[in-house]
Structures are given as structure tokens and as C-alpha cells.
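1. got a predicted structure plus its sequence, pasted below:
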Amino acid sequence: MYKKYEMELAGRTLRVDVDRVGKQANGAVLIHYGDTVVLSTATASKEPREGIDFFPLSVEYSEKMYAVGKIPGGFNKREGKPSENAILTDRVIDRPMRPLFPKDYRNDVTLENLVLSVDPECSPELTAMIGTAIAVSISDIPFDGPCATTQVGLVDGELIFNPNSTQNLASDLKLTVASTREKVIMIEAGANEVPEDKMLEAIFAAHKVNQEVIAFIDSIVAEVGKPKHSYKSYAIPEELFAAMKEVVPPEEMEVAVFTDDKQTREKNIDDIKAKMAEKFADNEEWLALLGDALYQYQKKTVRKMILKDHKRPDGRAINQIRPLAAEVDLIPRVHGSSMFTRGQTQICDIVTLAPLSEAQKIDGIDPNLTTKRYMHHYNFPSYSVGETRVSRGPGRREIGHGALAERALLPVLPSEDEFPYAIRAVSETFESNGSTSMASTCASCMSLMAAGVPIKAPVAGISCGLVTGDTDDDYIVLTDIQGLEDFFGDMDFKVAGTEKGITAIQMDIKIHGLTDDIIREAIARTREARMYILNEVMLKAIPEPRKELSKYAPKIVSMNIDPDKIGEVIGQKGKTINGIIEETGVKIDIDDSGRIDICGVEQEGIEKALSIIHSIVDPIEVGKTYEGKVVRIMPYGAFVQLSPNKDGMIHISKLAPHRVAKVEDVVNIEDIVRVKVLEVDRMGKISLSLKDADK
């Protein structure tokens, strides 16, 4: 008989079934939130993986289309590679869980979440986050938890916990906060220029809700939790550290890492490694640990320099940003381009504009997410860090970085009515030494402005780091961390936003959480840096969005017609619309509401297509003059095509002011003539006059 546990969470029942399914996993729960159901499992290998110097954790969030009563689209009716949403959810689950496992643990651990049912009122992502924490907590896998996660929305100025899909659509904030018993351990946010004070209020409120969930998890663990298994520790022996310091004293290591040039530092470390390898050549056990030991030696050196001596490896002050540079229009013929450089981090961003029909279609389990009009793609080639590695397409990191920059800029984009374009921004990493995602945000903002996208406000982003000591009040927050400070520090706190407020946050940490004071200082420090980057660098390169699009960008004109007349514009089997496209060289998109977007590079073709469509859908007015083509001649008159679906007749007596013996004496087929409408009878027949056209 399985055990069932329940609690009320944000007005809905959260239920956890233990020992009902997945009994062979180290830990498994079937978790229900409303009618959302997720199977969360945690498994660990019995033996450590040999030859590695890291903790091998894998997180999988598997979306099944049956969960929303759909069959996957396309030719293959089976779920394939994870969706972007699934990958981003993997990353959000990973970030609070990873720091809570032992640092010297080398057994493979896999955390899997299978989405079985989706209730629009209850987020499957949140359900999986809570389920994962419970599955690991009740398992025998070593884990210093539990942790809990809460989502927060902001509707009409009020905070909403774990909002449903309707509330999410109206929300100015999509915030996810994970906590341990004492501290916040993960923050992820997308926001509509939410002020810093309101963001802090939301973060701390979520932390309080998390304590209720943690108490619930503790009650489950107390009853069904397994004893944690022992494991082989891969901690570096203190004797090895002592021997290394004899070969390379700490002051020599400080000199090696104290440089602002990444390549110089790496060469210095390679020289030290070679010296130590020669010294320990006869000790195979120490040689096997040398790579990890040298990493730890560097880490201790850098952390001591920063925390105790207030010295950063490149000599900067604690709140100093590396040298900045920005420019636009460096790539010809594209619709918009820019380059943003911060120290040895350099991003080139290119924007492409296209009709809304080229927006990304999404086949997923979120009913609110079926298309994506703004797409931000981030690329991280190996040459950007001086390595040789063949690109195999974007990995989870690249997808995550692109999504973060996309989230940062989405709130300032114009509406489809204001700017009827699909927009793709691609960030190419030319050089990397810390926080390329925030450099991508800055570069993308400038390239959007260069492309003539009328954004509501410019957006900049920056990352702060952290080095902590033995107590909660022994710490230093670092502005604009470089790669070394990210690797050896405790935090990567990325914040993007406008002068008005925050648009995105992503926080990665390696310790067991942040105090309120650290979070407040990091938020304040990122705002200060953000304003400097915006006003002193970005806006000097391009002060505002351009008023006109690039001559290479497509021009789009929108119009709205009566939906009942859509069929007239399309014509039988698409004959009418295809004829307009062929004649004018434009692209035409029509939606069910009657909105028509006419897209073309040449303005003349757009205006001609617009005129033709107006002639189709607008009623013919008696007394008005039109231009048309003679399409048929009869003995009694000529038929003139006023639009693809409207013909009128000029009686022979109305061809000229004098008597006409033969119609062909005045007009011939294919002639373009100006005619005046004399009458439209109740059957819709149109009588025209050529001789009265100029009267």
C-alpha cells in the first residue's frame, strides 16, 4: 500500500504518492498539483565514475503530448528531442539542486521528470521542481536538502503565488525562487520593467512560501526517507596541497593568476602544472589528482586575494567594470547589426526582420505558447575561448543564454500592431571571458535599434559575482565577473533591465544559498552598473531606434478587412491572391480576423498590392472614377476589370462624346482606361462611362 501526503499550496492541493510507482529508483514520487501529474525520480550509480573531477549530475524534464491530449505534429508522431521549454526547465531544476550534493561525490546521478498530465491551473514545471526535491530527499542519495520552489506573478500590482495560465498572461512578472531552510538558492525571472524594490519584495515573499513546502517535505522524509548511503570521497588530500605549496609557493601562484589577459594566465598555469607533474612523476596517485588539485589551489588563491586582500585577478576595483566598447552597422546588407565588447568578452549581434508568418510555431504542452514572434539565438564557438572543437549545434548552455537575452528584451518590443514583423536576433560570440549572456543582451538591444525596431526603452545587462568566507557576513560582491571569478567564486547573478526596472534575472550559485543582504546588494550593484553601460556606452553608439528600416529589410503595410471578405481576396483555389503576388512581387499574409500584412522590399509593389486589395473589398461608389483593364469586347460595349473580382461594362454609347460605329475604334483588349461609375444595380451589375471619366 502506497503512502499519500497532502498540503494546500496557493489555494490548490499538492499531493505526493510514495511507493506507488517507480519503486526500483533510489527515490520516486508521483506528484499531483490540481490535475497536473508528474513522475519525479532520482537514481544514482552504485560506483563512482572513474577519471573525472566533477559531479556527474543529469536532469531531464520530459514533456509528453498526451499530457494535453495532443498527438505530436509533423511526420514523426513520437516525441523527439526536448523542446526549448523542456531544456530551460532542466536548467532551472538543476541550478538549486546541484549545490546541495557533496562536492566530492562522483557517482552518476540522474533526476528525471515525466509530465503525465497538465492542468492549466497548475504549472507542470513547478510541480516537477518540487517533485525532484522530494524524490532526492527521500532517497538514499547524499543530499543536503531539502529545497523548495515557488513561482510568483504580479497582476495589478498584487503578488500572485504559483499563478495559473490566465494569471500568467496578465502578469508583469514571471519569477521562480528556490530556497533551502535558511536562504534563497536560485532566482529566475522575466519582468515587465519591475522596479528593484518590488522585485526584492517578491523574492522574499516566495522564500516564505518555500518554508511551508520545506516543512511538508521534512514531514515526508521523517516517515519514509531512506538512510543516506556512504560513498568514496574524492577530496584532495591535504598532504598533496602541502607538497604543491612547496613546489609553487602561494605568492608565486598569486603572480601567475594576477593578470587581465586570459591567455597569459592560462600559460602561467600550464607552466606551473608542468613543474608539478615533473616533481610528482614518481607518485601515480598524486599525478591522477593533479588537475583537480591545481584547480583547487588556484581557487583558494583567487578567493583569498579577493576576500582578504580585496584584490581581483585583473587588478580592478570591486565595483569596477572592464573596458567597454560598442558600435553599430559593422555588418553590411543585414537588417541591423552591432558589436558589444566588455574586456575579453565580445558579442556581435545581427537582427533579421520578416513577416509575421515567419514567426516560430511551437508544438508543446503550454496552451499559451503556440508561436514566438521574437527569437533570440546565441552561438558559442570554441575559438571564442581559444579551443579547438567542432560545433555540433547548440547545447543546453547556448539555448539557456539565448533564452535569457530573449526574456530580457521581450518586454520592450513593440506590439504586432505597432510593428508587424517577426524578429530574429543572433548573438555570435567572438570572444568570451565572463557573462556573454549579458553582453548578448546589450548587443541585441543596439542591433534592434539599428534595425529600426521601435523598442520602448533600451535594455542593458551585467553580472555580479560573490566570494564568501566562514560566516554569513563575511563576503564580497563583485561587479562584472570575468571567467576566473565565475569559476572560483560562489555566484553568477545576472540582471538585465531598463532605467525604469528589471526585465530579467538569472542566478547561479555554488553554495547553500544567499542571505537577504547579499541579494539586496547584488540587485543594487547591477542597477548601478546597468545605468553606466546604458548611458556611457550603448546610447553613445546609438541614442535611439532608427526612424526608418534598412533598405535591405522588407517593408510591411497592414490593413484590416471584413473577415467575410477574406474569401474574395483569396479567390477560388487562391487564384486572386496568387495573381496579386505575381503582379506586384510582394508577400501577403491574411489571418482569420481579417488582418492583411503586405510585405515587400519595393514600396511601389506594396502600394500596388494595397490598391488592388482595396479595389476588391471596398464597395464600388457611383460617381467615382476608377482605372481598369479592358478584358472583353462585345458588339454592344466593352467590359473593364476594376478589380480581380469586379467587372463593369461600358456601353458603346458611353465610349466617346461622338457616335461610335465599332467598339474597337475606341478601345481594345488589355487597354488600361479611366472610367466613371454611372450605376450599380441591385444585382451588382456595374455600368461605366469612358466619355464622362474626366467630368
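-> Ah, there it is.
2. for the helix or strand where Leu169 lies, name the packing helices and strands.
-> Assigned by DSSP states H and E, Leu169 belongs to helix 165-170. Where contact means 3 or more Cβ pairs under 8 Å, 6 or more residues apart in numbering; DSSP states H and E, helix 165-170 is packed against strand 148-155. For every residue, glycine as well, the C-beta is placed using N, CA and C.
3. still on that earlier bit, gap between the helix holding Leu169 and the chain center?
-> How far helix 165-170 lies from its chain's middle: 18 Å, per Cα atoms, centre = their mean, to the nearest Å.
4. now do stretch 286-297
-> 37 Å.
5. list the buried ones in that stretch?
-> Across stretch 286-297, burial judged by 16 or more other Cβ atoms under 10 Å covers 286, 289-290, 292-297.
6. please tabulate those in a markdown table, including the columns secondary structure and distance to Asp366.
-> A markdown table is the format used below for the buried residues of stretch 286-297 (DSSP: H, G, I helix; E, B strand; the rest coil; distance: Cβ to Cβ, whole Å):
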| residue | secondary structure | distance to Asp366 |
| --- | --- | --- |
| Trp286 | helix | 52 |
| Leu289 | helix | 46 |
| Leu290 | helix | 48 |
| Asp292 | helix | 41 |
| Ala293 | helix | 46 |
| Leu294 | helix | 45 |
| Tyr295 | helix | 40 |
| Gln296 | helix | 42 |
| Tyr297 | helix | 46 |
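7. ok, so of those residues, who is nearest Val601?
-> Closest to Val601 out of the buried residues of stretch 286-297 is Tyr295 (54.1 Å), distances taken as Cβ to Cβ.
8. ok so, going back, need the contact partners of the helix or strand just after the helix holding Leu169.
-> Next helix or strand after helix 165-170 toward the C-terminus (DSSP H and E): strand 173-179. Residues from elsewhere that reach strand 173-179 (Cβ atoms under 8 Å, 6 or more residues apart in numbering): 92, 95-96, 126, 129, 147-154, 168, 184-192, 194, 199, 202-203, 206-207, 210-211, 214, 505, 513.
9. what about 7 Å?
-> With contact meaning Cβ atoms under 7 Å, 6 or more residues apart in numbering, strand 173-179 is reached by 92, 96, 147-154, 168, 184-191, 194, 202-203, 206-207, 210, 513.
10. check stretch 116-129 too.
-> Identification of contacts with stretch 116-129 by Cβ under 7 Å, 6+ apart yields 12, 31, 33-40, 61, 64, 67-68, 89, 92-93, 113, 115, 149, 151, 162, 164-165, 365, 367.
11. among these, name the buried ones.
-> 12, 31, 33-34, 36-40, 61, 67-68, 89, 92-93, 113, 115, 149, 151, 162, 164-165, 365.
12. among these, which are in helices?
-> Applying DSSP state H to the buried ones among the contacts of stretch 116-129, the entries found in helices are 89, 92-93, 165.
13. measure stretch 478-492 end to end?
-> Using Cα to Cα, to the nearest Å, the end-to-end distance of stretch 478-492 comes out at 10 Å.
14. so Val385 makes contact with Phe430?
-> No. Here Val385 does not reach Phe430: they are 10.9 Å apart, not a contact under Cβ atoms under 7 Å.
15. roughly how far apart are Ala288 and Glu47?
-> Note on Ala288: its distance to Glu47, by Cβ to Cβ, to the nearest Å, is 17 Å.
16. which among the contacts of strand 173-179 end up buried?
-> Burial by neighbour count, 16+ other Cβ under 10 Å: within these this picks out 92, 96, 147-154, 168, 184-191, 194, 202-203, 206-207, 210, 513.
17. before we move on, back to that, now the ones in helices among the buried ones among the contacts of stretch 116-129 as JSON lines including pLDDT?
-> Formatted as JSON lines, these follow (pLDDT from 0 to 100):
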{"residue": "Thr89", "pLDDT": "97"}
{"residue": "Val92", "pLDDT": "97"}
{"residue": "Ile93", "pLDDT": "98"}
{"residue": "Ser165", "pLDDT": "90"}
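18. got those residues as JSON lines, with distance to Val663 columns?
-> Formatted as JSON lines, those follow (distance: Cβ to Cβ, whole Å):
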{"residue": "Thr89", "distance to Val663": "73"}
{"residue": "Val92", "distance to Val663": "76"}
{"residue": "Ile93", "distance to Val663": "79"}
{"residue": "Ser165", "distance to Val663": "65"}
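19. out of those, which two sit at the greatest distance?
-> Ile93 and Ser165 (20.3 Å).
20. hmm, back to that, which residues does the helix holding Leu169 contact?
-> Applying Cβ under 7 Å, 6+ apart, the set of residues contacting helix 165-170 is 120, 153, 155, 160, 174, 367-368.
21. can you select the buried ones from those in ChimeraX?
-> Selection of buried members from the contacts of helix 165-170 for ChimeraX, criterion 16+ other Cβ under 10 Å:
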select :120,153,155,160,174
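22. quick one: the strands in the stretch 201-350 of the chain?
-> Under the criterion DSSP state E, counting those that start in this stretch, strands of the stretch 201-350 of the chain are mapped to 324-328, 336-342, 345-355.
23. buried deepest among those strands, which one?
-> Ranked by mean neighbour count under mean count of other Cβ atoms under 10 Å, these are led by strand 336-342, which reaches a mean of 26.
24. what helices and strands are in contact with that strand?
-> Counting by 3 or more Cβ pairs under 7 Å, 6 or more residues apart in numbering; DSSP states H and E, the packing neighbours recorded for strand 336-342 are strand 324-328, strand 345-355, helix 436-450.
25. restricting to C-alpha, output the second one in PDB.
-> Coordinates of the C-alpha atoms in strand 345-355 are reproduced here as PDB (Å, rounded to 0.1, in the frame of the first residue of the first chain):
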ATOM      1  CA  THR A 345      34.100  39.300 -23.900                       C
ATOM      2  CA  GLN A 346      32.800  40.300 -27.300                       C
ATOM      3  CA  ILE A 347      29.500  39.700 -28.900                       C
ATOM      4  CA  CYS A 348      28.300  40.600 -32.400                       C
ATOM      5  CA  ASP A 349      24.500  40.600 -32.800                       C
ATOM      6  CA  ILE A 350      22.600  40.500 -36.100                       C
ATOM      7  CA  VAL A 351      18.900  41.200 -36.400                       C
ATOM      8  CA  THR A 352      16.700  40.000 -39.200                       C
ATOM      9  CA  LEU A 353      13.100  41.200 -39.900                       C
ATOM     10  CA  ALA A 354      10.500  39.200 -41.700                       C
ATOM     11  CA  PRO A 355       6.700  38.900 -42.000                       C
END
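26. strands paired with that strand, and their directions?
-> Neighbouring strands of strand 345-355 in its sheet, by DSSP bridges, are strand 336-342 (antiparallel), strand 421-431 (antiparallel).
27. now the first one: mean pLDDT?
-> Model confidence over strand 336-342 averages 98 on the pLDDT scale.
28. isn't Ile588 right up against Ile581?
-> Yes. Ile588 lies in contact with Ile581 (Cβ under 7 Å); the separation is 6.0 Å.
29. more crowded one of these two?
-> Ile588 (21 against 17; other Cβ atoms under 10 Å).
30. so what's the more buried one bridging to?
-> According to DSSP bridges, the partner residues bridging Ile588 are Ile598.
31. what sits against it?
-> Residues near Ile588 by Cβ under 7 Å, 6+ apart: 577, 580-581, 596, 598, 609.
32. closest one of these to Val257?
-> The closest of the contacts of Ile588 to Val257 turns out to be Ile598 (Cβ to Cβ; 59.4 Å).
33. residues near Val631, how many?
-> When counting by other Cβ under 10 Å, one arrives at 13 neighbours for Val631.
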